[in-house]
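Visitor: what's the 3D shape of this:
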Amino acid sequence: MTNVFENYLSSTGGLLADEINLSAQFFKPLNLKKGDFFIREGEICRHIGFIVSGAVKAYAIDDEGKENITCFKFENEFVTSFPEFMMQEKSRRSMRTVEDSVIYRISYPDYQHLLGQVTSLNGVIKSVIEQEYNQKERYMLNYNNRSAVDKYRHVLSHEPMLVQRIATQDLASYLGITQRSLTRVKGQIHKPNVL
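Guide: Predicted coordinates for the structure are as follows:
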């Protein structure tokens, strides 16, 4: 694993080799089975994780007990609820694996200690938080106030990994449509001469 994480840190261009080695020592492996929680809604957000393999969904439960999925994270992405992690508050959403996953995580105290030792890591974290913000903006722009067909077409052209790796019910939740609507849309779009 550390090679995957070290390669990621190296690719950011902001860290020296000894800073990369030191940083990697603070991240500890966590093997999760499909369906395991990385973060639970209502619990203090104590870790940041780096996904080495697998996938995670982030969601909140609505008043009817239904999951409302807001994003998916895959290999070479960080996973946490950043505002709650930074403030050490209770998470407002859960993060749960959708595949068997290996996640390297760091606790909040170790994170604070590491930032004190490797100040250039602040640039990496800033970039990760900017990516989070951009992902949320793209989600709002591409999946709000659009028809089910337009949403699914957007996924096919811009996020095909979701169609390949995410269960239909989870993809429907992410798109804000029912599973039945998604199945119907798939049938329409995948008919010959429709695309």
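Visitor: show me what the longest helix anywhere in the chain packs onto, helices and strands only.
Guide: Counting by DSSP state H, the longest helix found in the chain is helix 121-143. Helix 121-143 is packed against strand 67-73, helix 108-117, helix 148-158, with contacts defined by 3 or more CB pairs under 8 Å, 6 or more residues apart in numbering; DSSP states H and E. All C-beta atoms are positioned from the backbone trio N, CA, C, and that covers glycine.
Visitor: I'd like the ones you listed as a markdown table, with mean neighbour count, mean pLDDT and distance to residue 17 appended.
Guide: Formatted as a markdown table, the helices and strands packed on helix 121-143 follow (neighbours: other CB atoms under 10 Å; pLDDT from 0 to 100; distance: least, CB to CB, whole Å):
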| stretch | mean neighbour count | mean pLDDT | distance to residue 17 |
| --- | --- | --- | --- |
| strand 67-73 | 19 | 93 | 27 |
| helix 108-117 | 14 | 94 | 15 |
| helix 148-158 | 16 | 90 | 35 |
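Visitor: closest one to residue 18 among the ones you listed?
Guide: When the helices and strands packed on helix 121-143 are compared by CB to CB, helix 108-117 sits nearest residue 18, at 10.6 Å.
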